[in-house]
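# The following block contains a protein sequence and its predicted model.
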Amino acid sequence: MPALREVLESGWVAPAGPAIAAFEAAVGAATGFPHVLATASGTAALHLAYRVLDIAPGDEVWAPGFTFVATVAPAVQMGAVPRFLDVAPESWTLDPDLLRRELRAAAQRGRLPRAVVAVDIYGQATELDAILAACDRWGVPVVSDSAEGLGATLRGRHAGRGARLAAFSFNGNKIVTAGGGGALAADDPVLLARARHLAAHAKDPAPHYQHSVTGHAYGMSSVLAAVGLAQVAALQERVVARRAIFARYVAGLADLPGLAFMPEPDWGRASRWLTAVLVDPARFGTDREALRQALDAAGIESRPVWKPLPQQPVFADAPSAGGAVAAGLYVGGLCLPSGTGMTMDEQDRVITVIRAACRA
Ligand SMILES: Cc1ncc(COP(=O)(O)O)c(C=O)c1O
């Protein structure tokens, strides 16, 4: 890999240098964001977003309940109170109508959230325009957790565009990866500059070590940036490949009763990072867990979709609004093998096992 060799030969292996700048420019070009900071992980990018929004202990941060714990973990660690809203069945992402109603009720109570986090799920962009409209009305900033959104679009623009801050992940399992890593992106250069300062231990400009606030060691290493650079260049190809995998699953399985695919609403084009299905045991004749076990017995790894955060022991006492949709997705939802490197034969095997498991 030429970019990696260049980094190793240049001596720039720290979280600084030309590979980082090139990676940030590539992420900016791929997503349309003018300002990008490469980070050690998507979680680090989210933490920096919460830092620059000055989330304080006791502040409410609202997020969809149907997501990975990292969406809210850094805010919770800063003392914020998470509040979980349900997702919409037509997208599996944050329900904007529910959000609108909840914001109005919160304004009446005199306790608006300090931030709303919208989340792109399994390569599907959330309905950010409706979310932004709902939040703008009350002056609530929106963070986009686009860790799973790389390559997805929303009305022709990249997922996350329009949010005050967007976090991306280049973790090993993502559609493009640096082996690990993330990025924080924004339109506002001042916010991004603050995040950049905090990401490198918040050093004040002085010849000696001086700090007015404490920061983090959240920069991405040049070695990972060089790996990520080559991957970001392949993003569009990967989207085409993942969508082709999704289409083959649909062609091979759509006739089975009680098996539905994650819907794609008309506002966006999903990357289909993961193909997710929803099993209705009454019609499919087998429940999600039995299907997962049948795949497992054939040596095929599949995963239940996200267990909703309100059902997680750590959030047993967290307030929430709705939740029946997310709970239903968890009961029936399964992510199928979707790796870009999967061969047609391998995919045919998955399809065969799923067809054999159907007892309709
Ligand atoms: C929705 C969501 N948010 C945040 C993250 C965190 O990203 P990272 O693993 O790069 O810290 C992930 C994935 O890992 C994710 O799926």
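Cool, got the structure.
# What parts of the protein come near the ligand?
By the rule CB under 6 Å from any ligand atom, the part of the chain lying against the ligand is 41-43, 67-68, 70-71, 119, 145, 147-148, 169, 171, 182. Backbone N, C-alpha and C define where each C-beta goes, glycine included.
# tell me the least confident of these?
Sorting the residues of the chain next to the ligand by pLDDT puts residue 171 at the bottom of the list (92).
# Nearest residue to that one in space, ignoring adjacent ones along the chain?
Closest residue to residue 171 apart from its sequence neighbours, by CB to CB, 6 or more residues apart in numbering: residue 180 at 5.9 Å.
# domain ranges for this protein?
Using automatic domain parsing, the domain parsing of the chain gives 2-234, 236-357.
# Deepest-packed of the ones you listed, please.
Here the criterion is mean neighbour count by mean count of other CB atoms under 10 Å, and of these the winner is domain 2-234, at a mean of 20.
# Angles on the backbone of residue 188, please.
The phi and psi torsions at residue 188 (degrees, to the nearest 10) take the values phi -90, psi 110.
# same check, this time on the one 5 residues further on
Here the main-chain torsion angles of residue 193 (degrees, to the nearest 10) amount to phi -70, psi -40.
# One more: residue 182?
On the backbone of residue 182 - angles per degrees, to the nearest 10 - the values are phi -160, psi -170.
# same deal with residue 114?
phi -80, psi -30.
# ok and the residue in the protein nearest the ligand?
Closest contact between the chain and the ligand, by CB to the nearest ligand atom, is at residue 42 (2.6 Å).
# Could you verify my assumption that that residue touches residue 182?
Yes - under the criterion of CB atoms under 8 Å, residue 42 is in contact with residue 182, at a separation of 3.8 Å.
# between those two, what contacts are shared?
By the contact definition CB atoms under 8 Å, 6 or more residues apart in numbering, residue 42 and residue 182 are jointly contacted by 147, 167-171.
# And the helices in the stretch 201-350 of the chain?
222-233, 235-253, 281-284, 288-297, 324-332, 344-357 (DSSP state H, counting those that start in this stretch).
# ok, then the element right after the lowest-mean-pLDDT helix or strand in the chain?
Lowest by mean pLDDT, DSSP states H and E among the helices and strands of the chain is helix 2-10, with a mean of 69. Past helix 2-10, heading to the C-terminal end, the next element that is a helix or strand (DSSP states H and E) is helix 18-31.
# next one: that following helix to chain centre, how far?
Using CA atoms, centre = their mean, to the nearest Å, the distance from the centre of helix 18-31 to the centre of the chain it belongs to is 19 Å.
# Quick one: mean pLDDT over that helix.
For helix 18-31, the per-residue pLDDT values average out at 96.
# what sits up against stretch 45-58?
Outside stretch 45-58, the residues within contact range by CB under 8 Å, 6+ apart are 37, 39, 61, 70-71, 73-75, 77-81, 114-115, 117, 141, 143, 145, 147, 164-165, 167-169, 182-184, 191, 194-195, 198-199, 216, 218.
# mind running it again at 6 Å?
The list of residues contacting stretch 45-58 from outside it, by CB atoms under 6 Å, 6 or more residues apart in numbering, reads 39, 74-75, 78-80, 114-115, 141, 143, 165, 167, 182, 184, 191, 194-195, 198-199.
# now the strands for the stretch 101-250 of the chain?
For the stretch 101-250 of the chain, the strands identified by DSSP state E, counting those that start in this stretch occupy 115-119, 142-145, 153-154, 157-158, 165-169, 182-186, in order along the chain.
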